[in-house]
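Chemist: below are the sequence and a predicted model for it; my questions follow.
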Amino acid sequence: MMLIFEAYYKTLGENIAFYRKRRGLTQEQLGAMADTTRVHLSRIENADCAVSLDTVFAIANALGVEPYKLFQNKE
């Protein structure tokens, strides 16, 4: 992953984990809801991989949040 985007991927991953835990979902449950695997979701949450917008939209939909919220800093 390009270093210039590292902060965005980190924020995305942290927010997905935050909303997932707030909904009481496991990575496996959210992965199934968003049509991805637990391993892929774990890599996204840990900013270990790039992610497509389609996947971001699917995760946001499964979490019941607007996609832009997954990119917002929680400062």
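Modeler: Good, I have the coordinates. Just so we're clear, the structure is a prediction, and the values are computed from it rather than from any experiment.
Chemist: all the strands of this protein, residue numbers only.
Modeler: For the chain, applying DSSP state E gives no strands.
Chemist: give me the below-cutoff pLDDT ranges for it.
Modeler: By pLDDT under 70, the low-scoring segments of the chain are 1-2, 75.
Chemist: which residue is nearest the centroid of this protein?
Modeler: Compute the mean C-alpha point of the chain, and by C-alpha atoms, centre = their mean the closest residue is Ile16, 3.7 Å away.
Chemist: burial count for the residue nearest to that one when sequence neighbours are not counted?
Modeler: Distance criterion C-beta to C-beta, 6 or more residues apart in numbering; nearest residue to Ile16, sequence neighbours excluded, is Glu45 at 5.5 Å. For glycine as for every other residue, the C-beta is placed from the backbone atoms N, C-alpha and C. When neighbours are defined as other C-beta atoms under 10 Å, Glu45 has 20 of them.
Chemist: before we move on, the earlier item: please report the distance of the residue nearest to the centre of the chain from Ser42.
Modeler: Distance of Ile16 to Ser42, given as C-beta to C-beta, to the nearest Å: 10 Å.
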